[in-house]
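> need coordinates for the below:
(chains A and B)
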Amino acid sequence: QKEVEQDPGPLSVPEGAIVSLNCTYSNSAFQYFMWYRQYSRKGPELLMYTYSSGNKEDGRFTAQVDKSSKYISLFIRDSQPSDSATYLCAPDYGGATNKLIFGTGTLLAVQP
Amino acid sequence: NAGVTQTPKFRVLKTGQSMTLLCAQDMNHEYMYWYRQDPGMGLRLIHYSVGEGTTAKGEVPDGYNVSRLKKQNFLLGLESAAPSQTSVYFCASSSGAAVSALHFGNGTRLTVT
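Just a heads-up that it's a prediction; the model follows:
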């Protein structure tokens, strides 16, 4: 079993839709849960992260973690064509080294 | 502010050839990383460094060597390239704080024929 599982998509939605992106993980020692966004032919960039269970909101983006079921979600409200990218989840143990375990990424296309 | 710069952007090698990928960061970050990204496999850590003069193995280190002679530079070497090393290589850096973002370069696309 992979440590992090993520549906690769692609996921195609119309502009303005609510998008739900999800990951599951197997190691209960993960404490921080990152979401990176990667545009085509670019490096990933940190979008947001949460600590332990719960929700975190940042503008149109909401990250949610359920540690009891080992399930991570990213919701995008009022999706825009500029949100078209690959979204990678990356749980972290915490600590300085940042040896993240990345999911394979979900490719999202928002159609105008 | 350039962030993380990778050179070259593209390269084609023949099996058995060698090459070095260069990563430079201008954020004074202590930690640097080399990842490879393959379809269906995601990003996998090759080697990393926690400071000048240090290196450590990641998840997929075989066939690669690294050096961190200067804090701002992290070099990835392929001594004898194989077709299985065809991939997109990303360098990243971080400050080393407990939860700190990885800052990635835009990748080197390597094809080994």
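> measure stretch A:28-45 end to end?
Across stretch A:28-45, the terminal residues are separated by 25 Å (CA to CA, to the nearest Å).
> where does pLDDT dip in chain B?
Applying pLDDT under 70 to chain B picks out residues B:1, B:98.
> flag every residue of chain A that's near chain B.
Of all the residues in chain A, those in contact range of chain B (CB under 8 Å from any CB of the partner chain) are A:4, A:6, A:8, A:32, A:36, A:41-46, A:49, A:51, A:88, A:92, A:94-100, A:102-105. C-beta here means a position set from N, CA and C on the backbone, and glycine is covered the same way.
> in ChimeraX, how would I select just the buried ones from those?
A single ChimeraX command selects the buried members of the residues of chain A next to chain B (16 or more other CB atoms under 10 Å in any protein chain shown):
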select /A:4,6,32,36,43,44,46,49,88,92,98,100,102,103,104,105
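> specify the beta-bridge partners of the nearest residue to A:Cys89 once chain neighbours are set aside.
Spatial nearest neighbour of A:Cys89, chain neighbours left out: A:Cys23 (3.7 Å); criterion: CB to CB, 6 or more residues apart in numbering or on different chains. Counting by DSSP bridges, A:Cys23 is bridged to A:Gln6, A:Ile72.
> quick check: phi and psi on A:Ala17?
Summarising the backbone geometry of A:Ala17 under the convention degrees, to the nearest 10, its torsions are phi -70, psi 160.
> was I right about A:Pro14 contacting A:Gln111?
Yes: A:Pro14 is in contact with A:Gln111 according to CB atoms under 8 Å; the separation is 5.3 Å.
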